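Trainee: no sequence on hand, only this structure:
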């Protein structure tokens, strides 16, 4: 299904394609798969509101529709455009991150977004995409020999660490980890030797005691509670304990749609956002959970297939980077609600109620789609055509 | 064109590696899901149910307590409470203001409600005031449309309509204290639950409580009840019918007046206690309400001991009422014959010690019947000396003295009938021969409860059957009332000859001129009583005082005055009832106790006659069911 018709394939290897051709090239299976996952979200949000489209399901549908429109727009824009503007987007993201930091210092507590009136813009969401584009661009022109030189790796490393430090300071541990890990994936795909990762990992582990000092109390608490959730079952460990009870009581086939008691009686916190997988698992059981997981794995596989199919290194790295970010989203979220990793506040992609994550995720998938549409497009070192 | 085949190959290789890593992570997720939703599913299902299902106990109504005629002694009263649910009020202050214009509401109550409202969740009803009058309830109901969030709730509280009357037998209920908790009945955990703390409320507490019902409710995370899943009604407590007759009880209490005194009337065949009065009394409602510190201090430090049931917990020297037991012991031992006389010159001597008779000049030559009739101390000194006190004590025990009677009331005292073994053990001293004499007239170490004296008299009157008194009409077994079988009592093991001789003496006491209680006899035909007076000395009369003349009781401080006692049975020819009256520091038995006993006994018999007259059918049956019943129709 990913294989384009041979007739078109020869024509794709061209510098310019018409809009019509591009629209024709959109991978509708991918759109269908995204819609299927989002529909699971609508269904669950409908149940979370005790059988009502208000207040969540209907808004989520509108956002998804908007997101698909954004995705298609992004998809048909030339991949080179994104490559050319990668660094610019990166700089913009850093500026915005600093802006929320300054605004947050003036305001109270953690502030992660800028209110644009119609949407709350989270710079960290833009950063997730900008980071991938930036690294993809950086490594696009790198030969294997380039990548083998440690000095060649220092600029991208700094490019990664600057926003990570800013996001950590927000503080948003989940996003910081995700940026770090998806960047790691791109480094890896670009051909960085494994032993270099080993050195970084060792360094990272060594700096944990130092990093611990910089964590906020509530973050420390979350980690401690993750390590020992029974220590405070009614306090901060409440989320995890109730989430496990909800999932476990769902059993193999679940309690039935709209019959979840843990969620229905509000024992489950944040059931429409971070803990929506738990609610779904309570009502649909292991079978439902496996089904949803299957959809996610299939989507990831699509991402991989597109990456492999891409002719340009930039396209490959972008497709794989976005796919990995998406994978991290659902892995961290589900592992978190099952008590496998600490609660870090990562939403379940395309399902958790929330606008910005939906938008940025579909923007990301738009880039993957763009890589797909322009899969046979050769891109020069500087983003031009074969220069 | 920029194309790097090596890079593409490496990319593919590494993509595969990365996918493998992701595959491993997904496998971990699946394994975790399997663990939670299959292996641990049962445990989590249980935890989920524990989360959502809350069990609420439903308090059953406490069993009523009635007297033998069905007069209510302990009932459950509606306790109207006004509650406020703060989330339904426009504002708590506004509602409380509105309420205070309708019912009286103290600043204290107000402050408590506001404090509680802040602490509790907003849907939890908070009690504003309890024990509302009907009028107040009506006023709130009328204004209900203007008072959103205000509820009227009906609870139950124990009420004793007769107040002081029979309070000692009833006992009272009060909140559960830590020491009372049995941990077997979940009802004890209920807020506001009351348990029996004294009297039959205590001894039959478990049966009166009933069994709690349960309501299974689904609650949400903040504890709000969403719906009832299952409801199991409890069992109300058993209604308890007592053997007491509250009209007679009232009469007896009136007759005892302000004295510190006790009177017990019982059926000598069945053991039913018909009257058990102890004065002064208390109002058990005060305990349910909650006593103030001053009220409690007044009750607990009063020298007349209003909280004590003197009929079973007050111990007094039996004095001359003990003489029947001494006589029976002597007759049974064969140390005297009925005709044998003893010469009383007002005193007797044992070694160098003089033992006085109450009558200064002496009784002259007296046989057993006359010795009882005149209550001659010298005669009983002599026969007690002959038989020895250990034997007397042994007979006394068989007649119920010095041992608990086994009545179904808490805090019964056993009193004391001494013997050699007891003295050696308790005081580490040998028995002195003189003590045989002193204890032989019911003084010395001897201590008995009024109930024991009534039981003794009953056993003398019923032909030596060891009747055991009780106050609950039915047997209460495993929270159920079972009618008692016709009683079969063990025998005291004494001859009828001895008993009838003693009864003859008691008859003479009351019904022959010169008897110590002749002035307090009953003259109505068929209601005659036979009794025995007792005057128990509580101080030592010195030799010097004897010479100058013994002080009159009235001249002594209350604490040093004699106890007045009287025991009797009636009717003389077909005994049915026995009575014991003890007036603490009341003076002489014949002057003080006997007239009270006479009046009560007359009232008991009159009432029984009136009852039988109302139900002529049952008359013959009943009057002849008693053993030794003569046909006197």
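Mentor: Arrived safely. Quick caveat, the model's predicted, so the values are computed rather than measured. Residues are numbered from 1 along each chain as shown, chains lettered A, B, ... in the order given.

Trainee: who's in contact with the strand or helix carrying residue B:296?
Mentor: Applying DSSP states H and E as the criterion places residue B:296 in helix B:293-301. Here helix B:293-301 makes contact (Cβ atoms under 8 Å, 6 or more residues apart in numbering or on different chains) with B:282, B:286, B:291, B:306, B:307. Just so you know, the C-beta spots here come from the backbone N, C-alpha and C atoms, and that holds for glycine as well.

Trainee: need the residues you listed in JSON lines (columns: pLDDT and secondary structure).
Mentor: Shown next, in JSON lines, are those (pLDDT from 0 to 100; DSSP: H, G, I helix; E, B strand; the rest coil):
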{"residue": "B:282", "pLDDT": "92", "secondary structure": "coil"}
{"residue": "B:286", "pLDDT": "86", "secondary structure": "helix"}
{"residue": "B:291", "pLDDT": "76", "secondary structure": "coil"}
{"residue": "B:306", "pLDDT": "92", "secondary structure": "coil"}
{"residue": "B:307", "pLDDT": "91", "secondary structure": "coil"}
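
Trainee: just give me the neighbour total for the residue of the stretch 1-150 of chain A found nearest chain B.
Mentor: As assessed by Cβ to the nearest Cβ, chain B sits closest to residue A:144 within the stretch 1-150 of chain A, at 6.1 Å. A total of 12 residues lie near residue A:144 under the criterion other Cβ atoms under 10 Å in any protein chain shown.

Trainee: contacts only, for residue B:307.
Mentor: Applying Cβ under 8 Å, 6+ apart, the residues contacting residue B:307 are B:282, B:299, B:300.

Trainee: how does it look with 6 Å?
Mentor: Residues touching residue B:307, when contacts are defined by Cβ atoms under 6 Å, 6 or more residues apart in numbering or on different chains, comprise B:282, B:299.

Trainee: how close does it sit to residue A:337?
Mentor: Using Cβ to Cβ, to the nearest Å, residue B:307 is found at 64 Å from residue A:337.

Trainee: between the contacts of helix B:293-301, which is closest to chain A?
Mentor: Using Cβ to the nearest Cβ, residue B:291 comes nearest to chain A of the contacts of helix B:293-301, at 39.0 Å.

Trainee: name the nearest residue to the closest one, sequence neighbours excluded.
Mentor: residue B:299 (7.5 Å; Cβ to Cβ, 6 or more residues apart in numbering or on different chains).

Trainee: can you pull the pLDDT of that neighbour?
Mentor: If you check residue B:299, the pLDDT there is 87.

Trainee: could you measure from it over to residue B:173?
Mentor: From residue B:299 across to residue B:173, the span is 16 Å (Cβ to Cβ).

Trainee: same check, this time on residue B:283
Mentor: As judged by Cβ to Cβ, residue B:283 and residue B:173 stand 13 Å apart.

Trainee: give me the neighbour count for the residue nearest to residue B:291.
Mentor: 17.

Trainee: what do you get for residue B:481?
Mentor: 18.

Trainee: buried residues, whichever strand or helix holds residue A:87. List them.
Mentor: Counting by DSSP H and E, the element that carries residue A:87 is helix A:86-106. Using 16 or more other Cβ atoms under 10 Å in any protein chain shown as the test for burial, helix A:86-106 gives A:86, A:89, A:90, A:93, A:94, A:96, A:97, A:100, A:101, A:104.

Trainee: what ranges do the strands span in the stretch 201-350 of chain B?
Mentor: Secondary structure of the stretch 201-350 of chain B (DSSP state E, counting those that start in this stretch): strands at B:213-219, B:225-232, B:240-241, B:261-267, B:273-279, B:342-344, B:347-350.

Trainee: could I get these as CSV with distance to chain A?
Mentor: Compiled in CSV, the strands of the stretch 201-350 of chain B are given as follows (distance: least, Cβ to the nearest Cβ, whole Å):
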stretch, distance to chain A
strand B:213-219, 7
strand B:225-232, 7
strand B:240-241, 44
strand B:261-267, 58
strand B:273-279, 54
strand B:342-344, 86
strand B:347-350, 82
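
Trainee: Serialize those to TSV and add fields for mean neighbour count and mean pLDDT.
Mentor: Output for the strands of the stretch 201-350 of chain B, formatted as TSV (neighbours: other Cβ atoms under 10 Å in any protein chain shown; pLDDT from 0 to 100):
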stretch	mean neighbour count	mean pLDDT
strand B:213-219	17	83
strand B:225-232	12	81
strand B:240-241	21	94
strand B:261-267	29	96
strand B:273-279	28	96
strand B:342-344	20	93
strand B:347-350	15	91
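
Trainee: now render the ones you listed as JSON lines, adding distance to residue B:96.
Mentor: Output for the strands of the stretch 201-350 of chain B, formatted as JSON lines (distance: least, Cβ to Cβ, whole Å):
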{"stretch": "strand B:213-219", "distance to residue B:96": "28"}
{"stretch": "strand B:225-232", "distance to residue B:96": "25"}
{"stretch": "strand B:240-241", "distance to residue B:96": "42"}
{"stretch": "strand B:261-267", "distance to residue B:96": "51"}
{"stretch": "strand B:273-279", "distance to residue B:96": "46"}
{"stretch": "strand B:342-344", "distance to residue B:96": "82"}
{"stretch": "strand B:347-350", "distance to residue B:96": "81"}
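
Trainee: look up how far residue B:29 lies from the residue nearest to residue B:291.
Mentor: From residue B:299 across to residue B:29, the span is 72 Å (Cβ to Cβ).

Trainee: repeat that for residue B:92.
Mentor: For residue B:92, the distance to residue B:29 equals 50 Å [Cβ to Cβ].

Trainee: residue B:186 too?
Mentor: Distance, residue B:186 to residue B:29, using Cβ to Cβ: 43 Å.

Trainee: those two: which is more packed in?
Mentor: residue B:29 (20 against 13).

Trainee: phi and psi next, for the more buried one.
Mentor: Dihedral pair for residue B:29: phi -60, psi -50, per degrees, to the nearest 10.

Trainee: what sits against it?
Mentor: The neighbours of residue B:29, taking Cβ under 6 Å, 6+ apart as the test, are residue A:334.

Trainee: could you do residue A:257 as well?
Mentor: Going by Cβ under 6 Å, 6+ apart, residue A:257 touches residue A:283.

Trainee: tell me the secondary structure at it.
Mentor: coil (DSSP: H, G, I helix; E, B strand; the rest coil).

Trainee: and residue A:264, how far from residue A:41?
Mentor: Using Cβ to Cβ, residue A:264 is found at 18 Å from residue A:41.

Trainee: hang on, residue B:579 is in a strand, isn't it?
Mentor: Yes - counting by three-state DSSP, residue B:579 is found in a strand.

Trainee: on that earlier part again, nearest to residue A:260 among the contacts of helix B:293-301?
Mentor: Checking the contacts of helix B:293-301 against residue A:260 with Cβ to Cβ, the nearest one is residue B:291 at 52.5 Å.

Trainee: near chain B, which residues of the stretch 151-300 of chain A are found?
Mentor: For the stretch 151-300 of chain A, the contact set with chain B under Cβ under 6 Å from any Cβ of the partner chain comprises A:189, A:191, A:245, A:247-251, A:261-262, A:265-267, A:286, A:289.

Trainee: widest-spaced pair of those?
Mentor: Of all pairs drawn from those, the greatest distance, 52.8 Å, lies between A:191 and A:265 (Cβ to Cβ).

Trainee: please consider this matter closed, and thank you.
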